[in-house]
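J.: here's a sequence, model it:
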Amino acid sequence: MRRAARSAAFAALFCFGVSISPLQAQSLIVGIPSASITEPGHFVLAHESQLNVWDGANAYWNSFTFATYGIGARTELASSLYGLSNPGSGNLALGIGVKHSLPLLAPGRSRWEPTLTGGFMVPVSFSGRATGIWTYGMASARVPALRNTRLTGGISYGTEQIFGRRVTAAMVGVEAPLSRRFSIFADWLSGTHDLAALIAAVGWQANRHFLLIIGPKIPNNAASGRPALIIEAAYDFGPVGPAFGRRRGSH
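T.: This next block holds a predicted model:
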């Protein structure tokens, strides 16, 4: 996912996936990982398209498709296919990784829910760029006075298979519930690289399984690419296999 890979290669996603808890449990915010973890035994499949149809000869489509599986103990496995685009990006890769979340206080001890989250992904290039790495660490907390809005900040390091070059970047995210069905999401990656952008979006949780996110992507500068419209859809298939740990809460 050059441009569309965003953190997750974003965990690649994978690391993205989305749990069934209303609007507060997707595995990614939009372009960076979330503190939430896919429910044990649940399989989530998601697709993101980045569209620019207004830029004349420079119009483009870029995408990534990712999946997550919750194995319990606040841990999920993740996989992401990125780099499918038109015109072709020449950076097609498949990433495999894991994400783990660690609450700093026992459940119920604080409404702020301070949490540390970390993970990594190994992207294997299909475009002659060999194998790389993407790893990250984050701290997050909720703000009870703002409808339990969650604020996230951290740092990420990745290689050219995801970012186009070796990159160390700061990342910041906001998850702000508006109602049971709607939320506002925003995240940002610093620097000048394929994923360096601010993304602000509205999320609609249609039901316990389906989430739709739509919003603009605003690159940090011209060297980081062109603006695009982000359209992301994720579906939680529910329990599809064994979970190897205790069921987590909706944190």
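
J.: can you pull out the low-pLDDT segments for the protein?
T.: Applying pLDDT under 70 to the chain flags residues 1-25, 241-251.

J.: work out which residue lies at the spatial centre of it.
T.: What sits nearest the mean C-alpha location of the chain, by C-alpha atoms, centre = their mean, is Leu28, with 2.9 Å.

J.: looking at this, Ala57 is in a helix?
T.: Yes: according to DSSP: H, G, I helix; E, B strand; the rest coil, Ala57 belongs to a helix.

J.: phi, psi for the residue nearest to the centre of the chain please.
T.: In terms of degrees, to the nearest 10, the main-chain angles of Leu28 are phi -120, psi 160.

J.: check whether it really touches Ser34, as I assumed.
T.: Yes: counting by C-beta atoms under 8 Å, Ser34 is a contact partner of Leu28 at 5.6 Å. Glycine gets a C-beta too; all of them are placed from N, C-alpha and C.

J.: relative to Arg226, how far out is the closest residue to Asp187 other than its chain neighbours?
T.: Closest residue to Asp187 apart from its sequence neighbours, by C-beta to C-beta, 6 or more residues apart in numbering: Gly173 at 3.9 Å. Using C-beta to C-beta, to the nearest Å, Gly173 is found at 22 Å from Arg226.

J.: neighbour count winner among these two?
T.: Between Gly173 and Arg226, counted using other C-beta atoms under 10 Å, the more crowded position is Gly173 (26 against 16).

J.: that one and Leu189 touch, don't they?
T.: No: with contact defined as C-beta under 8 Å, Gly173 and Leu189 do not form a contacting pair (9.8 Å).

J.: common neighbours of the two, please.
T.: Common contacts of Gly173 and Leu189, defined by C-beta atoms under 8 Å, 6 or more residues apart in numbering, comprise Ile32.

J.: so for stretch 221-241, what gets flagged as buried?
T.: Under the neighbour-count criterion of 16 or more other C-beta atoms under 10 Å, stretch 221-241 has 224-226, 228, 230-236 buried.

J.: cool, stretch 202-217 as well?
T.: 203, 205, 211, 213, 215, 217.

J.: residues contacting the fourth one?
T.: Right, Ile213. Per C-beta under 8 Å, 6+ apart, neighbours of Ile213: 30, 185, 201-204, 230-234.

J.: quick check, nearest of those residues to Gly132?
T.: Val30 (22.6 Å; C-beta to C-beta).

J.: can you count the residues close to the closest residue in space to Tyr60 that isn't next to it in sequence?
T.: Once flanking residues are discounted, Tyr60 sits nearest to Asn52: 5.2 Å by C-beta to C-beta, 6+ apart. The tally of other residues near Asn52 (other C-beta under 10 Å) stands at 18.
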